[in-house]
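Visitor: Requesting a structural model of the entry that follows:
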Amino acid sequence: MRLDRFLANLPCFNRQQVRLLLVERRVRVDGVTINDPRHEVRAFSRVEVDDQLLQAGRPARYFMLHKPAGCVSATRDPQHPTVLDLIDEPDKDELHIAGRLDFNTTGLLILTNDGQWSRRLTQPQTKLPKVYYVETEQPIEAAYVARFREGFYFAFEDLTTQPAELTPLGSHSARLSIVEGRYHQVKRMFGHYDNKVVRLHRESMGPLRLDPQLAPGQYRALRADEIQPI
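Guide: Predicted coordinates:
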C-alpha cells in the first residue's frame with residue numbers, strides 16, 4: 001500500500017495532516033525518513049511518525065480489555081494510570097487504542113498494532129455499531145427516541161450526528177447504538193435535554209462484545225474468529 005494511503009487510513013490522521021507529515025519529513029519506514037507519498041508499505045514494514053510507532057513490522061496483535069473507571073485511554077499520561085498500564089505483554093508500547101473511552105467510562109476497549117484493522121472497526125463509513133449502556137440523572141422521556149434517530153447538530157464541528165438507536169430500559173437507563181465516536185458524543189447528545197449521564201459502559205463494537213468473564217481491568221487476546229469479520 002502507498003505510504004500516504006496507509007497513513008490516511010489510520011484513525012489518527014486525515015489527508016491534510018498526512019501531506020504535512022511527509023513534507024516535514026516526520027515519517028520513517030524501517031528506520032529511514034521517507035517523504036515520498038508513493039513509497040510502498042508492506043504488512044511487516046515498521047512505520048513511525050516522530051516517536052509514535054504506527055506499525056511494528058511484526059505480526060499483528062489484538063486484545064480486548066474491560067476498561068475500569070478512573071483510567072485514561074492513552075498510552076502515556078503523567079498524572080493518571082493508563083489502559084496500557086493494565087496490559088502485561090512484551091512490547092506493549094507498540095499497541096494503540098481503537099476507539100477511546102472517557103476517563104470514567106467503562107467497558108470494551110480494543111488495543112492492537114494493526115492500524116488498518118482498527119480503522120475499519122472505528123470509522124463511521126463502515127457503520128459498525130458501538131453499543132453503550134447509559135444511566136442518566138433525569139428521566140429518559142419517550143421523545144428522546146425519535147430525536148436520537150434524527151441526529152443532533154454539533155456546532156463546534158459544524159455537523160449533524162448520524163442516526164442513533166436509543167432503547168429505554170427503565171426510567172433512567174437505556175441502551176444506545178451509534179456508528180460514530182465524536183468527542184464526548186453520548187454525553188453531548190443527552191446534554192441536549194440537560195440530562196447528565198451518570199454512568200456510561202460500552203458493551204460492544206461491531207461484532208465484538210465485551211467478554212462477561214473479564215472483570216474490570218482484565219484483558220485477553222482476541223480469537224481468530226473475532227478478528228476476521230472486521
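
Visitor: residue contacts, the residue nearest to the spatial centre of the chain?
Guide: By C-alpha atoms, centre = their mean, the chain has its centre lying nearest to Gly99, at 0.7 Å. Residues in contact with Gly99 (C-beta atoms under 8 Å, 6 or more residues apart in numbering) are 109-110, 118, 121-122, 130, 181, 205. Every residue, glycine included, has its C-beta placed from N, CA and C.

Visitor: farthest pair in those residues?
Guide: Farthest apart among these by C-beta to C-beta are Ser118 and Lys130. That separation is 13.3 Å.

Visitor: so what's the closest residue to Gly31 other than its chain neighbours up against?
Guide: Of all residues not flanking Gly31 in the chain, Arg46 sits nearest, at 7.0 Å (C-beta to C-beta, 6 or more residues apart in numbering). By C-beta under 8 Å, 6+ apart, the contact set of Arg46 is 28-31, 53, 55-57.

Visitor: Pull out the buried members of those residues.
Guide: 28-29, 53, 55-57 (16 or more other C-beta atoms under 10 Å).

Visitor: domains in this structure, as residue ranges please.
Guide: The record's domain parsing of the chain by the TED database lists 3-55, 62-228.

Visitor: Give me the distance between Asp36 and Lys127.
Guide: Asp36 sits 34 Å away from Lys127, going by C-beta to C-beta, to the nearest Å.

Visitor: Equivalent analysis for Phe6, please.
Guide: Taking C-beta to C-beta, one finds Phe6 at 23 Å from Lys127.

Visitor: Of these two, which one has the most company?
Guide: Phe6 (24 against 10; other C-beta atoms under 10 Å).

Visitor: With adjacent residues omitted, what lies nearest to that one?
Guide: Leaving aside its sequence neighbours, Phe6 sits nearest to Val41 (C-beta to C-beta, 6+ apart; 4.4 Å).
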